[in-house]
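> Show me the folded form of this:
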Amino acid sequence: MQAAQETGFDLAGIAPVDDSPELEYFPRWIAEGHAGEMKYLEGRDGQGRLKRASLAHVAPWARSVVVCALNYNTAQPYSTQVPNYSADGRGRGWISRYAWSEQDYHDSVMQRLRRVELALRDACGARDIVTRCYVDTGPIVERVIAKYAGIGWIGKNTCIINQELGSWLFLGVILTSLELEPSLPAPDRCGTCTCCIEACPTDALIAPYQLDSNKCISYLTIEKRGAIAEELRDGMGRHIFGCDICQDVCPWNRKAPATDAEDFQPRPELVNPALDWLAEMSAEEFRSTFLNSPLRRAKRSGLRRNAVIAMGNSGDQKFLPLLEKLAADDDEVVAESAVWAIKELRRTAKSA
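Predicted coordinates:
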């Protein structure tokens, strides 16, 4: 674990490869359609078994899992503490906290994880071991493994929560053929609290510890392609990439420390960004602005769609001329969203 600390990780632990009760729920979660359009979560092995339902399905050679966690919290207000619109009336959106920096967190975490992997191999001398590194890219459920590595417990919002650091954590895992002494699992400290469930504007947390991705704002703004169901648009508010609400209201994040890691410091233009800037962003500007950013995953079309929906939720009549223009956009999804947003703003004006 010393190697993890030396490479900048805040937490590290070792999990066994045994199947856990949490993974027993995974096949049912998939069968009930809660994964939405994220078909990669339904990946199966040669025998037709869901890969993420058991480590044995993807790495029968693995004997232990090293889990490393990195704090990405920054000294900026939470989404629930920032007004939707600035003093000058210009509409603002919200980008999830993890996507504010210059560099994609996959790269930042993987660079550190590779150094831990190398240290693990060096410590074994000439022994022949097998290792695999993953940062949100492997056919495994990282938060479940992180729990049994002692990193934190799985909260009612389905995020890993650490008693000292809160839930602003990136996870990296190393599967290894080495038999290592496992850490103790983290106890659940959510208690009777239901802040996250009550705060979710789209009711995506259908029960404690259970998420329906189809209703989750993070899923809708990042993974969902095409038009978003109208009944969910109002709940999206000003979110244009991801959502932090269920973490922002979590009592364990009230005193979460800020990281001093340089690669996670925010770009000012991405904290509460201007909606009109995002909605009118050209293809070239999208590529140059988000060259190494997680925002690329939403694609330009998705980002513009989300900004237009946020305009419709803003109540700000100044957006009407721009929305009239966007209603004739070449992108059919953006155009349809603009028509909806115009109706919403006019409805808001009438009821004012």
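> how many neighbours does His149 have?
One thing to correct before we go on: residue 149 is Ala, not His. Neighbour count for Ala149, taken as other C-beta atoms under 10 Å: 29. Every C-beta, even on glycine, is put in place using the N, C-alpha and C of the backbone.
> Now do it against Phe264, distance only.
For Ala149, the distance to Phe264 equals 22 Å [C-beta to C-beta, to the nearest Å].
> again, but for Ala307
Separation of Ala307 from Phe264 (C-beta to C-beta): 24 Å.
> separation between Arg44 and Asp128?
When C-beta to C-beta is the yardstick, Arg44 and Asp128 sit 30 Å from each other.
> What of Asp18?
For Asp18, the distance to Asp128 (C-beta to C-beta) stands at 24 Å.
> These two: who's more crowded?
Using other C-beta under 10 Å, the more surrounded residue of Asp18 and Asp128 is Asp18, with 11 against 7.
> Could I have the CA atoms of the helix or strand in which Lys350 is found written out in PDB?
Secondary structure from DSSP states H and E places Lys350 in helix 332-351. Only the C-alpha atoms of helix 332-351 are listed here, as PDB (Å, rounded to 0.1, in the frame of the first residue of the first chain):
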ATOM      1  CA  GLU A 332     -33.000  17.100 -35.500                       C
ATOM      2  CA  VAL A 333     -32.700  16.300 -31.800                       C
ATOM      3  CA  VAL A 334     -31.400  19.800 -31.000                       C
ATOM      4  CA  ALA A 335     -34.200  21.300 -33.100                       C
ATOM      5  CA  GLU A 336     -36.900  19.300 -31.400                       C
ATOM      6  CA  SER A 337     -35.500  20.100 -27.900                       C
ATOM      7  CA  ALA A 338     -35.500  23.800 -28.900                       C
ATOM      8  CA  VAL A 339     -39.200  23.700 -29.900                       C
ATOM      9  CA  TRP A 340     -40.000  22.100 -26.500                       C
ATOM     10  CA  ALA A 341     -37.900  24.800 -24.700                       C
ATOM     11  CA  ILE A 342     -39.700  27.600 -26.500                       C
ATOM     12  CA  LYS A 343     -43.000  26.200 -25.300                       C
ATOM     13  CA  GLU A 344     -41.700  25.900 -21.700                       C
ATOM     14  CA  LEU A 345     -40.500  29.500 -21.600                       C
ATOM     15  CA  ARG A 346     -43.700  30.800 -23.000                       C
ATOM     16  CA  ARG A 347     -45.700  28.700 -20.500                       C
ATOM     17  CA  THR A 348     -43.500  30.100 -17.700                       C
ATOM     18  CA  ALA A 349     -44.100  33.700 -19.000                       C
ATOM     19  CA  LYS A 350     -47.900  33.200 -18.900                       C
ATOM     20  CA  SER A 351     -47.900  31.800 -15.400                       C
END
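> any idea how far it is from the chain center?
Taking C-alpha atoms, centre = their mean, to the nearest Å, one finds the center of helix 332-351 at 28 Å from the center of the full chain.
> Stretch 66-75 now?
The gap between the average C-alpha position of stretch 66-75 and the chain average comes to 13 Å, counting by C-alpha atoms, centre = their mean.
> Pull out the buried residues from that stretch.
Judged by neighbour count using 16 or more other C-beta atoms under 10 Å, the buried positions of stretch 66-75 are Val66, Val67, Cys68, Ala69, Leu70, Asn71, Tyr72, Asn73, Thr74.
> isn't there a strand covering the fifth one?
Put plainly, it is Leu70. Yes. Read with DSSP: H, G, I helix; E, B strand; the rest coil, Leu70 is one of the residues of a strand.
> quick one: which helix or strand includes the residue lying closest to it once chain neighbours are set aside?
The shortest distance from Leu70 to any residue that is not its chain neighbour, by C-beta to C-beta, 6 or more residues apart in numbering, is 4.5 Å, and that residue is Phe170. The secondary structure element spanning Phe170 is strand 169-176 (assigned by DSSP H and E).
> Following element in sequence after that strand, please.
Under the assignment DSSP H and E, the closest C-terminal helix or strand after strand 169-176 is helix 195-199.
> Contacts made by that following helix with the rest, please.
The set of residues external to helix 195-199 that reach it, using C-beta atoms under 8 Å, 6 or more residues apart in numbering, is 80, 155-157, 205, 208, 245-251.
> Can you select the buried ones among those for me in ChimeraX?
Those of the contacts of helix 195-199 that count as buried under 16+ other C-beta under 10 Å are selected in ChimeraX with:
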select :155,156,157,205,245,246,247,248,249,250
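> and the contacts of helix 195-199, which of them are in strands?
Assigned to strands by DSSP state E, the following of the contacts of helix 195-199 qualify: Leu205.
> I'd like the contacts of helix 195-199 as TSV, with pLDDT and distance to Pro257 appended.
TSV is the format used below for the contacts of helix 195-199 (pLDDT from 0 to 100; distance: C-beta to C-beta, whole Å):
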residue	pLDDT	distance to Pro257
Thr80	87	19
Gly155	98	18
Lys156	98	22
Asn157	98	20
Leu205	98	26
Pro208	96	27
Ile245	97	21
Cys246	97	20
Gln247	97	15
Asp248	96	16
Val249	97	18
Cys250	98	15
Pro251	97	15
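> out of the contacts of helix 195-199, what pair is the most spread apart?
Pairwise distances across the contacts of helix 195-199 (C-beta to C-beta) peak at 20.4 Å, for the pair Thr80 and Pro208.
> Relative to Trp100, how far out is Met110?
Met110 sits 19 Å away from Trp100 when distances are taken as C-beta to C-beta.
> Same drill for those two, tell me which one is more crowded.
Trp100 (22 against 18).
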